Structure formats: structure tokens, C-alpha cells
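what shape does this take:
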Amino acid sequence: MRPTLDEYFMEIAGIVSKRSTCLRNQVGAVIVKDKRILSTGYNGAPRNLEHCLDIGCIRQQNNIESGTRHELCRAVHAEQNAIIQAALHGVSIENATVYCTHQPCILCAKMMINANIKKVVFGIDYPDTDALKFFDKAGVKVEQLVLSP
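Numbering: from 1, shown residues only. All right, here's what the predicted structure looks like:
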């Protein structure tokens with residue numbers, strides 16, 4: 001059966017997430033405008049730094065609860081990497097839609113709001129619910145789309 005466009009781009013976000021080097025959550029993001037992929041990103045260590053796959057996860061080692069203390073993670077989030085890649089290549093993401101395998105955190109939500117993202121579609125819930133409040137107040141549409149296995 002032919003997937004809807006939302007299903008199609010969410011499946012691509014899932015493929016992108018397979019490049020993640022995070023030990024806890026493999027997250028992928030795809031930024032789309034006018035049915036065209038503008039940028040992708042997955043979570044992992046900043047360029048030229050060691051990955052958690054190689055040296056371990058400081059959050060796991062210190063039992064840091066998911067959705068909290070984002071500053072104690074060495075990874076750049078998938079949504080952040082997708083925004084950074086668009087900026088590096090001079091691609092405007094204004095009024096675009098972001099497809100994420102996981103609900104964005106508050107840090108990513110603030111970045112997307114300031115990037116003038118108009119819609120966010122995510123799959124898996126994330127315990128950082130403040131992000132949803134920010135999206136609502138900023139007028140960003142948010143939809144959850146859980147794909148069947």
C-alpha cells in the first residue's frame with residue numbers, strides 16, 4: 001500500500017536514525033518543504049569528537065533520567081543537526097515541516113520556533129513535555145504519527 005507523504009517522510013527519518021551513535025535513543029530528523037527533503041540529521045557527538053558508541057554514555061553512567069539535564073549529553077540532537085546542515089549549505093528551512101522519530105526536547109523546540117518551522121511530526125513520545133507547550137504558544141502545528149512495524 002502506498003504511504004501518505006507524512007508516513008513516507010517519517011519512514012525516511014527512521015532510516016536516518018540508523019546513523020545515530022547514541023546508546024540510549026537513536027533519533028532521526030528530516031526537514032521537508034514543498035514535498036522536497038531539505039536536510040536530515042541524526043543524534044551523535046559533534047564533528048571530530050569521540051562518539052558514545054566508542055567511549056560510553058555519560059548519561060547512562062550517571063543514571064540521568066531521559067528528558068532531563070540535556071547539557072550533560074555529548075550528542076548534538078537530530079533536529080539540531082538537521083538545522084545546522086541546512087545552515088551550512090545555505091538552505092532556507094523557513095515554513096518547513098520537521099519529521100522526527102522522537103518528540104523534540106525543549107532545546108530543539110526553541111531552535112525550530114526561531115527557524116520559523118511551521119509543523120512538527122513526531123513518532124515516539126519523549127518525557128520533555130515543555131516542548132509541546134512552547135510549540136503551542138508559538139503557533140507551530142504538532143502531530144504524532146506512530147508507524148506500524
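
spatially nearest residue to A82, not counting backbone neighbours?
Of all residues not flanking A82 in the chain, G41 sits nearest, at 3.3 Å (Cβ to Cβ, 6 or more residues apart in numbering). (C-beta placed from N, C-alpha, C; glycine too.)

for the host helix or strand of the one you found, which positions count as buried?
Assigned by DSSP states H and E, G41 falls within strand 36-42. Across strand 36-42, burial judged by 16 or more other Cβ atoms under 10 Å covers L38, S39, T40, G41, Y42.

what pairs with it, parallel or antiparallel?
Applying DSSP bridges, strand 36-42 is found paired with strand 28-33 (antiparallel).

what does the strand it pairs with contact?
Outside strand 28-33, the residues that touch it by Cβ atoms under 8 Å, 6 or more residues apart in numbering are 9, 12-20, 37-42, 78-79, 81-83, 86, 93, 95-101, 117.
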